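**Student:** no sequence on this one, just coordinates:
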């Protein structure tokens, strides 16, 4: 199987730019129809795609079918969002001679697509964060063209998914080149370097993501780099919750950190617990983990990284093994333990992501300030609190709000639903753009930018900003939101 050369990638980027120029002013209805065509194409070929994915990733059929269903649902949800014009954020301020700071001109604002977007697929989600995953879907919904770099962990699946997507878009009437795929390192570098690429979406390792981020920033004209790099997703258990629900909490934790063999970006990797006897934790977790199914990790390279990270944490002074895993092809879960005093002395223990079935338990003494412990943690996608409703946790929750993009209460972070309020992002190193999300409808706005039109005649305005509202979208007019069904223009 050949890889894409730099010249071939450049040709695809130029074709994508031509397709973007042709389609950037399409109606919301047309763009939504293209997203529907992509969803229908994935559904039509679901059996074929799941079979390929199973061979390449070792993931169970049920997991793969659900993940593909998520991708299909996401495309349709984005289509609904586009059809209503939510992503455009169309805003109209009519001229007002009595405006509080002096006469106001007629000024109107709308979001426009960036252009060509390069997307790097992830290894751990062959559908949801891959060829037609969240980054590709949101960029297309924004009105951009996409060139997707297929992850080497599932190349055959990526190529076939790309073919299906291209055929679906062509049948729906989209311009040729609006979406395409590339493979290999040369193409990856071309995606970041080419002057016609206006933004990058990335999901992967901290090292790889930071290298590409630096490359994007060092271009003659820097571009946005929306990278999801790494997260350890701490869980804090209060003393009251531990006393009331210890066994239940440990059972939930065991299920969450081993889900998908610990290869979820939201896997909880740290458990802060007020335990005086680690033997109790080992006994309960050992019982819960005994029945968990195991499977090979997604790729030899990922397994190598997991083994290295696990050894680095395990061999650190002050860390002991509560439950030993093994070196099998399908490794059993590993549980390590240390103390709050140890992590205060070596906070780097809280920074090492073990991407696989392993976790670190940090025991703390009664009366410990959990907010102080939380302040030692770097930026995260999620942070979880297991507590009771009547507890005063304002200090802890305030710190976790500063450290993470999603804070969970008595739940587990490994389920990331696609919805309007979802936030899948967080402070560095979780992501390179903490004010954005890669999951949910708000993800579309990453690949758009606002443009204001000052004192324009109606005929020269884009359709989204004309008073007659020919697209029938929701808009904010003179400070109030108007929707067509509620009597808007």
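**Tutor:** Everything's here; your move. The shown structure was predicted, so the numbers you read here are calculated from the model rather than taken from an experiment. Numbering: from 1, shown residues only.

**Student:** pretty sure residue 241 is touching residue 386, no?
**Tutor:** Yes - under the criterion of C-beta atoms under 8 Å, residue 241 makes contact with residue 386 at 4.8 Å. (Glycine included, C-beta is placed from N, CA and C.)

**Student:** So the two - more neighbours on which side?
**Tutor:** residue 386 (25 against 20; other C-beta atoms under 10 Å).

**Student:** Can you pull the residues that touch both of residue 241 and residue 386?
**Tutor:** Contact criterion C-beta atoms under 8 Å, 6 or more residues apart in numbering; residues bridging residue 241 and residue 386 by contacting each: 249, 410.

**Student:** Identify the residues contacting residue 306.
**Tutor:** Neighbours of residue 306 in contact, by C-beta under 8 Å, 6+ apart: 297, 331, 354-356, 358.

**Student:** Tell me, what's the model's pLDDT at it?
**Tutor:** Listed pLDDT for residue 306 reads 94.

**Student:** how close does it get to residue 365?
**Tutor:** 31 Å (C-beta to C-beta, to the nearest Å).

**Student:** The contacts of residue 306 into JSON lines, with extra columns for neighbour count?
**Tutor:** As requested, these are exported to JSON lines (neighbours: other C-beta atoms under 10 Å):
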{"residue": "297", "neighbour count": "27"}
{"residue": "331", "neighbour count": "22"}
{"residue": "354", "neighbour count": "25"}
{"residue": "355", "neighbour count": "25"}
{"residue": "356", "neighbour count": "27"}
{"residue": "358", "neighbour count": "25"}
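
**Student:** if we take these, which one ends up nearest to residue 452?
**Tutor:** Of all the contacts of residue 306, the one with the least separation from residue 452 (C-beta to C-beta) is residue 355, at 43.5 Å.

**Student:** Looks like that closest one contacts residue 309 (just checking).
**Tutor:** Yes - with contact defined as C-beta under 8 Å, residue 355 and residue 309 form a contacting pair (6.9 Å).

**Student:** Could you pull out the strands in the stretch 151-300 of the chain for me?
**Tutor:** Ranges of strands in the stretch 151-300 of the chain, per DSSP state E, counting those that start in this stretch, are 179-182, 197-203, 225-228, 234-237, 270-273.

**Student:** Among the ones you listed, which comes closest to residue 159?
**Tutor:** strand 179-182 (6.6 Å).

**Student:** one step back: so which of the strands of the stretch 151-300 of the chain gets nearest residue 126?
**Tutor:** strand 197-203 (11.9 Å).

**Student:** So which elements touch that closest one?
**Tutor:** Helices and strands touching strand 197-203, as assessed by 3 or more C-beta pairs under 8 Å, 6 or more residues apart in numbering; DSSP states H and E, comprise strand 116-120, helix 134-142, helix 185-193, helix 206-217, strand 225-228.

**Student:** In TSV: those, plus distance to residue 479 and mean pLDDT.
**Tutor:** Formatted as TSV, those follow (distance: least, C-beta to C-beta, whole Å; pLDDT from 0 to 100):
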stretch	distance to residue 479	mean pLDDT
strand 116-120	33	98
helix 134-142	26	97
helix 185-193	41	96
helix 206-217	37	94
strand 225-228	31	96
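
**Student:** Now do the same contact list for the closest residue to residue 431 other than its chain neighbours.
**Tutor:** Take residue 431 and drop its neighbours on the chain: the residue closest to it by C-beta to C-beta, 6 or more residues apart in numbering is residue 425, 4.7 Å away. By C-beta under 8 Å, 6+ apart, the residues touching residue 425 are 228, 381, 405, 431, 433-438.

**Student:** and residue 425, helix, strand or coil?
**Tutor:** Three-state call for residue 425 (DSSP: H, G, I helix; E, B strand; the rest coil): coil.

**Student:** Model confidence score at it, please.
**Tutor:** Reported pLDDT for residue 425: 96.

**Student:** do the same with residue 299
**Tutor:** Reported pLDDT for residue 299: 88.

**Student:** mind checking how far it is from residue 263?
**Tutor:** 10 Å.

**Student:** One more: residue 352?
**Tutor:** In terms of C-beta to C-beta, residue 352 sits 16 Å off from residue 263.

**Student:** Equivalent analysis for residue 152, please.
**Tutor:** Distance from residue 152 to residue 263, by C-beta to C-beta: 16 Å.

**Student:** When those two are compared, which one has more neighbours?
**Tutor:** residue 263 (20 against 15).

**Student:** just checking, that one touches residue 305?
**Tutor:** No - counting by C-beta under 8 Å, residue 305 is not a contact partner of residue 263; they are 10.9 Å apart.

**Student:** Between these two, which contacts overlap?
**Tutor:** The contact lists of residue 263 and residue 305 share residue 355, where a contact means C-beta under 8 Å, 6+ apart.

**Student:** correct me, but residue 68 touches residue 130?
**Tutor:** No - Residue 68 sits out of contact with residue 130 when judged by C-beta under 8 Å, with a separation of 10.3 Å.

**Student:** residues making contact with the longest helix anywhere in the chain?
**Tutor:** Longest helix of the chain, by residue count under DSSP state H: helix 61-84. Here helix 61-84 makes contact (C-beta under 8 Å, 6+ apart) with 28-29, 31-33, 35-36, 38-39, 42-43, 46, 49-50, 53-54, 57, 87, 125-128, 132-134, 137-138, 141, 260, 418-419, 441, 444, 473-474.

**Student:** What about the residues you listed, which are in helices?
**Tutor:** Per DSSP H, the subset of these in helices is 28-29, 31-33, 35-36, 38-39, 42-43, 46, 49-50, 53-54, 57, 134, 137-138, 141.

**Student:** Can you verify my assumption that residue 154 contacts residue 55?
**Tutor:** No - with contact defined as C-beta under 8 Å, residue 154 does not count as touching residue 55 (9.1 Å).

**Student:** Between these two, tell me which one has more neighbours.
**Tutor:** Taking other C-beta under 10 Å, residue 154 and residue 55 do not tie; residue 154 has more neighbours (27 against 11).

**Student:** quick one: the more buried one and residue 227, what's the gap?
**Tutor:** For residue 154 relative to residue 227 (C-beta to C-beta), the value is 20 Å.

**Student:** which SS class is the nearest residue to residue 319 once chain neighbours are set aside?
**Tutor:** Leaving aside its sequence neighbours, residue 319 sits nearest to residue 338 (C-beta to C-beta, 6+ apart; 4.8 Å). Here residue 338 is strand, with the state taken from three-state DSSP.

**Student:** Likewise for the one 3 residues further on?
**Tutor:** Residue 341 falls in the helix class when you classify it by three-state DSSP.

**Student:** how close does it get to residue 330?
**Tutor:** For residue 341 relative to residue 330 (C-beta to C-beta), the value is 35 Å.

**Student:** Residue 218 now?
**Tutor:** 42 Å.
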